[in-house]
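# Model the structure of this input:
(one chain, ligands or ions: 1)
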Amino acid sequence: MDGSLPIDLRSSATGDADDGAFVAEVRAFLAKALTLDLREAGRLALGTHADIEACKIWHRRLHRRGWIAPAWPAAWGGTGWSPRQRFLFDRECARNDAPILFAGGLRSLGPLLIEMGTPEQRACYIPAILSGEDLWCQGFSEPGAGSDLAAISTRAVRDGDDYVINGSKIWTTGAHFANRMFAIVRTAEGEKRQQGLTFLLIDMDSPGLTVAPIPGLAGEHEFNQVYFDDVRVPVANRIGSENDGWSVAKRLMQLARSNNTPAALVRRVLRRTVEAAARVGDDLEPGITRRLAGLRIELEAFEGLELAALAAGRPPIADATGPSMLKLIGSELHQRVAELALEIAAPGAVGALGALGVADTDHDDRTRVLAKHLAVRAATIYSGSSEAQRNVIARAILGRA
Ligand SMILES: Cc1cc2nc3c(=O)[nH]c(=O)nc-3n(C[C@H](O)[C@H](O)[C@H](O)COP(=O)(O)OP(=O)(O)OC[C@H]3O[C@@H](n4cnc5c(N)ncnc54)[C@H](O)[C@@H]3O)c2cc1C
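Next up, the predicted model:
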């Protein structure tokens, strides 16, 4: 285990004093570019991203300002910011309710293309990821392959210069508006199930591809099932070698750092929870006040960990378990904050969820808090469930990684 932190967290990872000029520049931009409707969309978001129309507008504004891909190398459109500046930027966006972007291209596929794409693939896809013209969804999970991803059975058979795909993907976030999908499909039966998988880039308007919505727990439409019926994909759309898709997918997940519950996301929910508590005022149970304080302390610690991870280019914990720990801590903290918000807004509601009528569209505070609580249940499932993350950590501790 690497115990040394790569940056000085005593210089206030989360405080306000430092980096004044940078933060002032960010705040000035946000004050102008982040209009009230975008802030409202950011505030109302339930799942992993805000309303897609707001996402598109916000994406374009960040792109115009040159701030759409802070984590990318500057040569490919990154900002050249230090890790600390990236952290501060995310925190300012969260404080101002900037819409959380639909970011499969920015967070996952773009960095993979930079590292492993062919020159043609980079030229074709990277500018469109940066501009927001292309939105990428992720086609990994299948009805029989979730935590056990190696069980993938959607087949791709080579036919001349194309693969022909049959099968289906499930829980595909954003497949109903994304115009492209990156996916792993089975091209052979290997000795091990991880062998024989291939990583492909698929156009969502390909003939034979259909998308069916799956409603979320809070009634929201976030994910889908995607069916492939003789869908043809050019061989040129493959990343890596045929049958080596498992290592490509693993690299993609490493580059995305597998944590889509960053501290800035949790901080948004905590801020609203504090506001709700303030509205209750003196009638707030002392137990709730204590829990609120405890969650705040945990969030500060998580922010420190995240900043250290950004600075190191990897989590400040043993490599194999670091991303799992960040995902585990972030997603479980997120859920506990959302649950406390619900207890404050609607005491007793956690035990009587059905009675509150989540599906109705009147957006009173109580309904919103309940919808948020339900949507956040998914945080410990997507991008690898808490159980799967604990298995990774335990295997590393036991030396069986
Ligand atoms: C909101 C949301 C969005 C998603 N978006 C996408 C997407 O865009 N693209 C995509 O490809 N997938 C997506 N997913 C799918 C997600 O990655 C899977 O749901 C996840 O990997 C779990 O797989 P599963 O649903 O098949 O559950 P299963 O793997 O069947 O697991 C069921 C339960 O058993 C537990 N479990 C399974 N194996 C073990 C084990 N070995 N030890 C202990 N416990 C175990 C799990 O933790 C879980 O609690 C999304 C999921 C959600 C909820």
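
# what residues are up against residue 212?
For residue 212, the contact set (C-beta atoms under 8 Å, 6 or more residues apart in numbering) comprises 224-227. Using the backbone N, CA and C atoms, a C-beta is placed for each residue, glycine as well.

# near the ligand, which of those residues show up?
For the ligand, no contacts are drawn from the contacts of residue 212 by C-beta under 6 Å from any ligand atom.

# I'd like the residues you listed as CSV, with neighbour count appended.
Output for those, formatted as CSV (neighbours: other C-beta atoms under 10 Å):
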residue, neighbour count
224, 22
225, 18
226, 27
227, 17
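
# ok, which pair from those residues is furthest apart?
In terms of C-beta to C-beta, the contacts of residue 212 reach their longest pairwise distance at 224 and 227, which sit 9.8 Å apart.

# intersection of neighbour lists for those two?
What both residue 224 and residue 227 touch, as defined by C-beta under 8 Å, 6+ apart, is the set 211-212.

# low-scoring pLDDT stretches of the stretch 51-200 of the chain, where are they?
Filtered on pLDDT under 70, the stretch 51-200 of the chain yields no residues whatsoever.

# all helices of it, in order?
Taking DSSP state H, counting those that start in this stretch as the test, the helices found in the stretch 51-200 of the chain are 52-65, 83-95, 110-116, 119-131.

# The ligand contacts on the protein?
Checking the chain against the ligand by C-beta under 6 Å from any ligand atom, the hits are 137-141, 146-148, 171-173, 222-223, 378, 381-382, 384-385, 387-388, 391.

# okay, now the closest residue to the ligand within the stretch 51-200 of the chain: neighbour count?
Using C-beta to the nearest ligand atom, the closest approach of the stretch 51-200 of the chain to the ligand is made by residue 146 at 1.8 Å. By the measure other C-beta atoms under 10 Å, the count of residues near residue 146 is 17.

# pLDDT (mean, whole number) over the longest helix belonging to the chain?
Criterion DSSP state H: the longest helix present in the chain is helix 286-312. Averaged over helix 286-312, pLDDT sits at 89.

# Packing partners of that helix?
helix 83-95, helix 263-280, helix 322-345 (3 or more C-beta pairs under 8 Å, 6 or more residues apart in numbering; DSSP states H and E).

# and the shortest one, what does it pack onto?
I take that to be helix 83-95. Contacts defined by 3+ C-beta pairs under 8 Å, 6+ apart place helix 83-95 against helix 20-33, helix 263-280, helix 286-312.

# tally of neighbours for residue 130?
By other C-beta under 10 Å, neighbour count at residue 130 equals 22.

# what does residue 228 give?
Residues near residue 228, counting by other C-beta under 10 Å: 23.

# would you say it is within a strand?
Yes - Residue 228 sits within a strand when classified using DSSP: H, G, I helix; E, B strand; the rest coil.

# Test my guess that it contacts residue 166.
Yes - Residue 228 is in contact with residue 166 according to C-beta atoms under 8 Å; the separation is 5.6 Å.

# Find the residues that touch each one of those two.
residue 154.

# picking that back up, need the helices of the stretch 51-200 of the chain in JSON lines with distance to residue 72, can you?
Putting these into JSON lines (distance: least, C-beta to C-beta, whole Å) gives the following:
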{"stretch": "helix 52-65", "distance to residue 72": "12"}
{"stretch": "helix 83-95", "distance to residue 72": "11"}
{"stretch": "helix 110-116", "distance to residue 72": "7"}
{"stretch": "helix 119-131", "distance to residue 72": "8"}
